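J.: Here is my input, please return the structure:
(chains A and B)
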Amino acid sequence: EAQVTQNPRYLITVTGKKLTVTCSQNMNHEYMSWYRQDPGLGLRQIYYSMNVEVTDKGDVPEGYKVSRKEKRNFPLILESPSPNQTSLYFCASSLFASGGQDTQYFGPGTRLTVL
Amino acid sequence: AQSVAQPEDQVNVAEGNPLTVKCTYSVSGNPYLFWYVQYPNRGLQFLLKYITGDNLVKGSYGFEAEFNKSQTSFHLKKPSALVSDSALYFCAVRALQTGANNLFFGTGTRLTVIP
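T.: Coordinates of the predicted model:
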């Protein structure tokens, strides 16, 4: 089944404890992206990747890191999480990295709480 | 710069009545517009998109959207609402400045269909 998977789905952690949220897609998509969803703010892009080893900042990149060593995986790393990073996180992917017409497919989300 | 406005945080409609979820946009050049739906505890699911051509776009689950260039709107519609349509709906426009397939999302509209 074609899908975007994220792990873990739920995570409660403490301030400063490094964590990684994994994202994987099995559709051979070029483009991958991370968003965070907060009430009243909709989805805001954190980082995106147009291909292996090509990543760039979105609108809210502070406090996050990403890597794209393989086409299928795009992990989100929080080196020193803070309570303002408590949010619902979504990974998404699309077949092509540019052109604008492509549909993005979303993972199920990761609900992160930082105490 | 691009922007998307969903002027209603909440829309209530009776089951069987037509529904409309509003979206207006601002973007340089030709807009690529998308609607996504988020059911409780689920990721975002693609409903439909406008790229070019017919102003009336048909999508999943009986939804359609009308692109209106003069009013810069892309309202989501359904002729007869179902209780199962109750969800959070997001309008999005492709962000053009990076060349990548980045999406810029509205803040979302919560639709409640009353039995």
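J.: Run a quick neighbour tally on B:L56.
T.: Residues contacting B:L56 under the criterion other CB atoms under 10 Å in any protein chain shown number 11. C-betas here are computed from N, CA, C, even on glycine.
J.: Let me see the contact set for the spatially closest residue to it that is not a sequence neighbour.
T.: Distances taken as CB to CB, 6 or more residues apart in numbering or on different chains place B:E66 nearest to B:L56, at 5.4 Å, with adjacent residues excluded. Taking CB atoms under 8 Å, 6 or more residues apart in numbering or on different chains, we find B:E66 in contact with B:N55, B:L56, B:V57, B:S73, B:F74, B:H75, B:K77.
J.: Look up how far chain A lies from B:E66.
T.: With the distance defined as CB to the nearest CB, to the nearest Å, B:E66 ends up 19 Å from chain A.
J.: On the C-terminal side of whichever strand or helix holds that residue, identify the next helix or strand.
T.: Assessed by DSSP states H and E, B:E66 sits inside strand B:64-68. Following strand B:64-68 in sequence order, the next helix or strand is strand B:73-78 (DSSP H and E).
J.: quick one: buried residues of that following strand?
T.: Neighbour-count burial for strand B:73-78 flags B:S73, B:F74, B:H75, B:L76, B:K78 (criterion: 16 or more other CB atoms under 10 Å in any protein chain shown).
J.: just the angle between it and strand B:64-68, please?
T.: Calculated by axes from the mean of the first three to the mean of the last three CA atoms, to 10 degrees, strand B:73-78 forms an angle of 160 degrees with strand B:64-68.
J.: distance between strand B:73-78 and the chain's centre?
T.: Chain-centre distance of strand B:73-78: 6 Å, with CA atoms, centre = their mean, to the nearest Å.
J.: right, quick check: that strand against chain A, any contact?
T.: No: among the residues of strand B:73-78, none lie within reach of chain A under CB under 8 Å from any CB of the partner chain; the closest is 14.9 Å away.
J.: tell me what that strand is packed against?
T.: Counting contacts by 3 or more CB pairs under 8 Å, 6 or more residues apart in numbering or on different chains; DSSP states H and E, the secondary-structure elements packed against strand B:73-78 are strand B:19-21, strand B:24-26, strand B:33-38, strand B:44-50, strand B:64-68, strand B:87-94.
J.: Direction included, what does the longest one pair up with?
T.: Same thing as strand B:87-94. strand B:33-38 (antiparallel), strand B:103-105 (antiparallel), strand B:109-114 (antiparallel) (DSSP bridges).
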